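*Asks:* Sharing a sequence plus its predicted fold:
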Amino acid sequence: MLLPRIKGPRDLDRLSQEELDRLAAEIRSFLVDAVSKTGGHLGPNLGVVELTIALHRVFDSPKDKVLFDTGHQAYVHKLLTGRQDFAGLRTKGGLSGYPSRAESEHDVIENSHASTVLGWADGIAKANEVLGKEDHHVAAVIGDGALTGGMAWEALNNIAAAKDRPLVIVVNDNERSYGPTIGGLANHLATLRTTDGYERFLARGKDLLERTPVVGKPLYETLHGAKKGLKDFIAPQGMFEDLGLKYIGPIDGHDIEALESALQRAKRFSGPVIVHCLTQKGRGYEPAVQDEADRFHAVGVIHPDTGLPVSTDAASWTSVFADEMVKLGKERKDIVAITAAMLQPVGLKKFADAYPDRIFDVGIAEQHGATSAAGLATGGAHPVFAVYATFLNRAFDQVLMDVALHKCGVTFVLDRAGVTGTDGASHNGMWDMSILQVVPGLRLAAPRDAEQLRAQLNEAVLVKDAPTVVRFSKGVVGPAVPAVGRIGGMDVLRAPGAEVTLPDVLLVSVGALAPMCLEIADLLDKQGITTTVVDPRWVKPVDEALAPLADRHRVVVTVEDNSRAGGVGSAVAQALRDAGVDVPLRDFGIPSRFLDHATRKEVMAEIGLTAPDIARQVTGLVAKLDGRYDSEPAAAVD
């Protein structure tokens, strides 16, 4: 076995070409075996085995910076940099599913949001130049899918302007992000893939012309001098070179020798170079190759021989949304859908199949997607833009200035809201209810169960003069949580008996945390503390009935799966102050820090967002109001 002998990148230098090919096969076998047990990003990593080997053979990491856009293709990089214990991948205390500075000096970028790597590379290359680090190199790996993002082209514009600043851009072209890459750039790269390179044309022409008496050599030199025109005719990579970027490729991304040759040439060049590599997502694992949807981009625990899931989950939040969107599409011809290169993950595949003329994939371009949605609304349609909650952060200015300022009826559906867990810090959807609080006119819904998701999505698409947001969690949707009454627009989930004239606690439950909030109320009841539990349904704006209701309780408690800073608790506190309601309020949510990868349950326990933790603190607060805080400690809550 060769893989266990690789403790760091320089161990690759001793291997022959035959051994490198054997190593690539071992890595693929290792990945299928390891990731099938834990789940993770399988397809992307199977596609970059040879490319990653070649990168670490040519560049001297960590002195040279090898950067990965998004980072879901960094498992091979981890294996080659001494991290081969994948037993705890994406679990607490185990390896992160993305590059992690805490794990290795070889890891640089860990934000795992797409299209950022070229900005990083530009900055590091500039730092090398300013500090005189002439022997330091930068290699940035970016997928063709990530090149659909505007940030990538903003960076290219700057990179190309410095024609004597070395920087190697490796385009990992597998025709996909999650699904097949779309758009004008995708068509351009497809042309490059299917056209013979002009260098081979010139090589054959040179051989023929130099054997032609008298006119042969001058004619060849004339043609060679006109090669820019030939390039555009034979292999139209001119788009890159028009920017001032040297172009090498296309290169077979599974030929280590060819990759090394191309990367060495790029490394020696004194300016920015694009190395265009053609790879196959899921390579070497037939179930992945045959999966047309996303080539096993991300999998749960699977049977390694078949690629089939070990267990079948119950209905997910995403699937409930997917089915309701199809129903809405049938009822209303003006409903259109937008995705940012994530058709399947956000649940729009069924809508696309049913209404192919009403689905728009904008690529990894959330900013453009939001503004395009404003245009669609202005034109008379009602767009539903489904996106992971963490990725809406990227389009905040467009939500504010293009959608809200222009009073456009656009519905944003935020999947994976709240603590998501295993994907780590950058994928927790913990900021949306904070950043959206400042958007005038925006209305934000947090459904507590499948029935409410359907109802509130239907309510959202009726709004024509403002942005609406519907956010829900990752994973399986829980059981229905029925209301026992309604106050204003709020559902009452639990109410004390009529004999209680002044209940102790008004518990404001946000979204999918409703079952936990009911458990908190049960625990408080055991301590003799009476509790009203309400679900505001629409958390922005704060329901006008909330302040008068709060005034009839001794304490207000808010519980949300979002950052405490500027979240729903803060909005409720402000609403109470504005109404002159002077009732103590305690807000429970996610602390303002980045959360390490672990299961959702483990993360929630770590940050104290569990029923026993919250009940214990509320018990203490009520005891303090009763004047028995110092002399008579509150009983522990189990």
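*Replies:* Happy to help now that I have it.
*Asks:* In this structure, which helix is the longest?
*Replies:* Ranked by residue count under DSSP state H, the longest helix found in the chain is helix 17-38.
*Asks:* what's the distance between the next helix or strand after that one and the middle of its chain?
*Replies:* As assigned by DSSP states H and E, the chain's next helix or strand after helix 17-38 is helix 43-46. From the chain centre to the centre of helix 43-46 is a distance of 17 Å (C-alpha atoms, centre = their mean, to the nearest Å).
*Asks:* for the very next helix or strand once past helix 43-46, packing partners?
*Replies:* Sequence-wise, the next helix or strand downstream of helix 43-46 (DSSP H and E) is helix 49-58. Packing partners of helix 49-58 (3 or more C-beta pairs under 8 Å, 6 or more residues apart in numbering; DSSP states H and E): helix 17-38, helix 75-80, strand 138-143, strand 167-173, helix 256-268. To be clear about C-beta, it is placed using only N, CA and C from the backbone, and glycine gets the same treatment.
*Asks:* Is it possible to get CSV of those that adds mean neighbour count, distance to Ala315 and mean pLDDT?
*Replies:* Compiled in CSV, these are given as follows (neighbours: other C-beta atoms under 10 Å; distance: least, C-beta to C-beta, whole Å; pLDDT from 0 to 100):
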stretch, mean neighbour count, distance to Ala315, mean pLDDT
helix 17-38, 18, 24, 95
helix 75-80, 26, 30, 96
strand 138-143, 27, 32, 95
strand 167-173, 27, 35, 94
helix 256-268, 18, 44, 95
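*Asks:* Pipe the ones you listed into JSON lines and attach distance to Ala288 per row.
*Replies:* What follows is the helices and strands packed on helix 49-58, written out as JSON lines (distance: least, C-beta to C-beta, whole Å):
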{"stretch": "helix 17-38", "distance to Ala288": "9"}
{"stretch": "helix 75-80", "distance to Ala288": "14"}
{"stretch": "strand 138-143", "distance to Ala288": "16"}
{"stretch": "strand 167-173", "distance to Ala288": "16"}
{"stretch": "helix 256-268", "distance to Ala288": "21"}
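*Asks:* Met516: which of these is closest?
*Replies:* helix 17-38 (26.9 Å; C-beta to C-beta).
*Asks:* And for that closest one, what's in contact with it?
*Replies:* Residues from elsewhere that reach helix 17-38 (C-beta atoms under 8 Å, 6 or more residues apart in numbering): 1-3, 6, 12, 15, 41-42, 45-46, 49-50, 53, 57, 75-76, 79, 84, 86-91, 256-257, 283-285, 299, 301-304.
*Asks:* rerun at 6 Å
*Replies:* Helix 17-38 is contacted from outside by 2-3, 42, 45-46, 49-50, 76, 86, 89, 256, 284-285, 302, 304, using C-beta atoms under 6 Å, 6 or more residues apart in numbering.
*Asks:* for the stretch 251-400 of the chain, what spans make up the strands?
*Replies:* Along the stretch 251-400 of the chain, counting by DSSP state E, counting those that start in this stretch, strands occupy 272-278, 335-339, 359-361, 382-388.
*Asks:* of all the ones you listed, which lies closest to Ala315?
*Replies:* strand 382-388 (17.1 Å).
*Asks:* quick one: that closest one to chain centroid distance?
*Replies:* With C-alpha atoms, centre = their mean, you get 15 Å for strand 382-388.
*Asks:* what packs against it?
*Replies:* strand 335-339, helix 366-378, strand 411-415 (3 or more C-beta pairs under 6 Å, 6 or more residues apart in numbering; DSSP states H and E).
*Asks:* looking at those, which is buried most?
*Replies:* The highest mean neighbour count among the helices and strands packed on strand 382-388, using mean count of other C-beta atoms under 10 Å, belongs to strand 411-415: a mean of 27.
*Asks:* Touching stretch 261-281 from outside, list them.
*Replies:* Defining contact as C-beta under 6 Å, 6+ apart, one finds that stretch 261-281 is touched by 43, 47, 51, 54, 58, 137, 159, 163-164, 166-174, 176, 193, 240, 245-251, 253, 295.
*Asks:* Report the buried members of those residues.
*Replies:* With burial judged by 16 or more other C-beta atoms under 10 Å, the buried subset of these is 43, 47, 51, 54, 58, 137, 159, 166-174, 176, 240, 245-251, 253, 295.
*Asks:* circling back: out of the helices and strands packed on helix 49-58, flag the one nearest Thr411.
*Replies:* Nearest to Thr411, of the helices and strands packed on helix 49-58 and by C-beta to C-beta, is strand 138-143 at 29.1 Å.
*Asks:* Just want the angle from that closest one to helix 49-58.
*Replies:* Between strand 138-143 and helix 49-58, the angle comes out at 170 degrees (axes from the mean of the first three to the mean of the last three C-alpha atoms, to 10 degrees).
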